[in-house]
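Asks: Need a 3D model of the sequence below.
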Amino acid sequence: MSWKASARSPARRWRRPERIERVDQALARQLSRSMQLNAQLQLRIKELEGRNA
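Replies: Reported below is the predicted structural model:
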């Protein structure tokens, strides 16, 4: 069943907001983790640049 077909199905319509919320939360977690890793990498880069200066 395609996404469009399931989106139109009255029986499944009530699930869409829950699914959107779950996806939104998952994306927020991924973004948070990416930002954390980016900060760690930036610190490591500065550390390595300091050694080579």
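
Asks: Spatially central residue for the protein, please.
Replies: When C-alpha atoms, centre = their mean is applied to the chain, the residue found nearest the centroid is Leu27 (2.3 Å).

Asks: tell me the SS of that residue?
Replies: helix (DSSP: H, G, I helix; E, B strand; the rest coil).

Asks: what about Gln36, which helix or strand?
Replies: helix 16-52 (DSSP states H and E).

Asks: Now that helix: average pLDDT?
Replies: Per-residue pLDDT over helix 16-52 has a mean of 96.

Asks: i'd like the first residue to be 823 from this point on
Replies: Let's use 823 as the start, then, which means that last one is helix 838-874.

Asks: Which residues belonging to it are considered buried?
Replies: For helix 838-874, a neighbour-count test (16 or more other C-beta atoms under 10 Å) marks nothing as buried. Heads up, the C-betas are built off the backbone N, CA and C, glycines and all.

Asks: pull the CA atoms of stretch 848-864 into PDB?
Replies: Output in PDB follows, covering the C-alpha atoms of stretch 848-864 (Å, rounded to 0.1, in the frame of the first residue of the first chain):
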ATOM      1  CA  ALA A 848      13.400  10.800  16.300                       C
ATOM      2  CA  LEU A 849      14.600  13.600  14.100                       C
ATOM      3  CA  ALA A 850      15.100  15.900  17.200                       C
ATOM      4  CA  ARG A 851      17.200  13.100  18.800                       C
ATOM      5  CA  GLN A 852      19.300  12.700  15.700                       C
ATOM      6  CA  LEU A 853      19.800  16.500  15.400                       C
ATOM      7  CA  SER A 854      20.800  16.700  19.100                       C
ATOM      8  CA  ARG A 855      23.300  13.800  18.700                       C
ATOM      9  CA  SER A 856      24.700  15.300  15.500                       C
ATOM     10  CA  MET A 857      25.200  18.700  17.200                       C
ATOM     11  CA  GLN A 858      26.900  17.000  20.100                       C
ATOM     12  CA  LEU A 859      29.300  15.100  17.800                       C
ATOM     13  CA  ASN A 860      30.000  18.200  15.800                       C
ATOM     14  CA  ALA A 861      31.000  20.100  19.000                       C
ATOM     15  CA  GLN A 862      33.300  17.200  20.000                       C
ATOM     16  CA  LEU A 863      34.900  17.200  16.600                       C
ATOM     17  CA  GLN A 864      35.400  20.900  16.600                       C
END
